[in-house]
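Q: Whatever this is, show me its structure:
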Amino acid sequence: MSPWPVVFEDEALLVLDKPAGLAVVAEPGAAPGETLLESVRARHGAAVTNVHRPEAGASGLGVFAKDKPAQDFLSGQFQAKTVRQVWHALVIVRADGAGAEFWPRDGARRVPDAFAMDWWIGQEVARPGVMQAFRRHGGQPARTAFTVEENFGAHALLRCEPESNRRHQLRVHLAAVGLPVLNDALYGLPDAPLLLSALKRGYKGGAAERPLIRQLALHASGLTLAHPRTRAAVALAASLPEQFAIALKNLRKFARPARR
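A: As a prediction, the model looks like this:
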């Protein structure tokens, strides 16, 4: 039995709800450690292959094919961009002008209800494994559609729908427009935790206060793909993890909503 929540399983397909902090496969520059794929293969056999994964710091839907025909069919869908992906990100709304080149009128201070980012993504020369956004022709084409589901002023909950699958795509696109993912030490503001004391007036907690959410605030919430055997559409969903949900509950209760 899997120690992680099984979202879907049959003879061809396995979908798990991955916790934050667990790498699906060994990632460049990461410390050695057991991966989710190794654990899955120990239970289901060496033929199992990962075809979609949240990066180690993120949580949510991880998709595994149980044989080569299923792998080829599923991988082909991601390459053809026919899989519908939905992610959720809790972001910091920077007020320092970061991302102003994307928001020519107002900088990053007022976030529209919906917007799209189509800057290309490529490798930073000086930092292996770190990606960078370019207006054009600095890497590979990348596009993400964003919808603001809730705006809390200094933070916002975004629905993210990537139309391509570049390394760190959502994190890089959001950082480039001045909306870095909360707790993103690589592309965001590493010293800007979400604390209840910053939201709640008269907070009486102790000096050892912990952030409301400690994971990278990025979650693979939904996927719709064609089943590798039946070709029927399969809709997959993973609820927000507990820390993520607690953070949103407190933001809804105590944060000042953004002025439109």
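
Q: quick one: contacts for the residue nearest in space to the middle of the chain?
A: For the chain, the residue nearest the mean C-alpha position is residue 218 (3.5 Å; Cα atoms, centre = their mean). By Cβ atoms under 8 Å, 6 or more residues apart in numbering, the contact list for residue 218 reads 54, 57, 58, 59, 87, 88, 89, 170, 171, 181, 184. C-beta here means a position set from N, CA and C on the backbone, and glycine is covered the same way.

Q: quick one: the strands in the stretch 1-150 of the chain?
A: Listed in chain order, the strands found in the stretch 1-150 of the chain under DSSP state E, counting those that start in this stretch are 6-9, 13-18, 49-52, 59-65, 84-92, 114-117, 120-123, 131-134, 144-151.

Q: Would you mark the buried spots in the fifth one?
A: Pointing back at strand 84-92 there. Judged by neighbour count (16 or more other Cβ atoms under 10 Å), strand 84-92 contains these buried residues: 85, 86, 87, 88, 89, 90, 91, 92.

Q: re the thing from before, now the contacts of residue 218 in CSV, with distance to residue 122 and pLDDT?
A: Formatted as CSV, the contacts of residue 218 follow (distance: Cβ to Cβ, whole Å; pLDDT from 0 to 100):
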residue, distance to residue 122, pLDDT
54, 21, 94
57, 21, 94
58, 21, 96
59, 26, 97
87, 21, 98
88, 26, 98
89, 21, 98
170, 16, 97
171, 14, 97
181, 19, 98
184, 19, 97
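
Q: which one of the residues you listed sits closest to residue 229?
A: Using Cβ to Cβ, the shortest approach to residue 229 within the contacts of residue 218 belongs to residue 54, at 24.7 Å.

Q: What count of nearby residues applies to that closest one?
A: The burial count assigned to residue 54 is 24, neighbours taken as other Cβ atoms under 10 Å.

Q: circling back: just name the most buried of the strands of the stretch 1-150 of the chain.
A: Ranked by mean neighbour count under mean count of other Cβ atoms under 10 Å, the strands of the stretch 1-150 of the chain are led by strand 59-65, which reaches a mean of 25.

Q: Tell me what angle that one forms with strand 84-92.
A: Relative orientation of strand 59-65 versus strand 84-92 (axes from the mean of the first three to the mean of the last three Cα atoms, to 10 degrees): 150 degrees.

Q: what's strand 59-65 packed up against?
A: Packed against strand 59-65, as judged by 3 or more Cβ pairs under 8 Å, 6 or more residues apart in numbering; DSSP states H and E, are the following elements: strand 13-18, helix 36-44, strand 49-52, helix 68-80, strand 218-226, strand 233-237.

Q: and residue 157, which of those is closest to it?
A: Ranking the helices and strands packed on strand 59-65 by proximity to residue 157 (Cβ to Cβ) places strand 218-226 first, at 10.5 Å.

Q: Quick check: which element contains residue 161?
A: Take DSSP states H and E as the rule and residue 161 turns out to sit in strand 155-162.

Q: Does anything pack onto that strand? Which helices or strands?
A: Counting contacts by 3+ Cβ pairs under 8 Å, 6+ apart, the secondary-structure elements packed against strand 155-162 are strand 84-92, strand 144-151, helix 169-176, helix 242-254.

Q: pLDDT on it, on average?
A: Per-region confidence: strand 155-162 scores 97 on mean pLDDT.

Q: what is the orientation angle of that strand with strand 144-151?
A: Using the same axes, to 10 degrees: strand 155-162 against strand 144-151 is 150 degrees.

Q: Just the CA trace of strand 155-162, in CSV.
A: These are the backbone C-alpha positions of strand 155-162, laid out as CSV (Å, rounded to 0.1, in the frame of the first residue of the first chain):
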residue,chain,number,x,y,z
HIS,A,155,-0.6,38.3,-1.1
ALA,A,156,-2.8,36.6,-3.7
LEU,A,157,-4.0,33.1,-4.6
LEU,A,158,-3.5,32.4,-8.3
ARG,A,159,-4.8,29.7,-10.5
CYS,A,160,-2.0,28.9,-13.0
GLU,A,161,-2.5,27.1,-16.3
PRO,A,162,0.8,26.4,-18.0
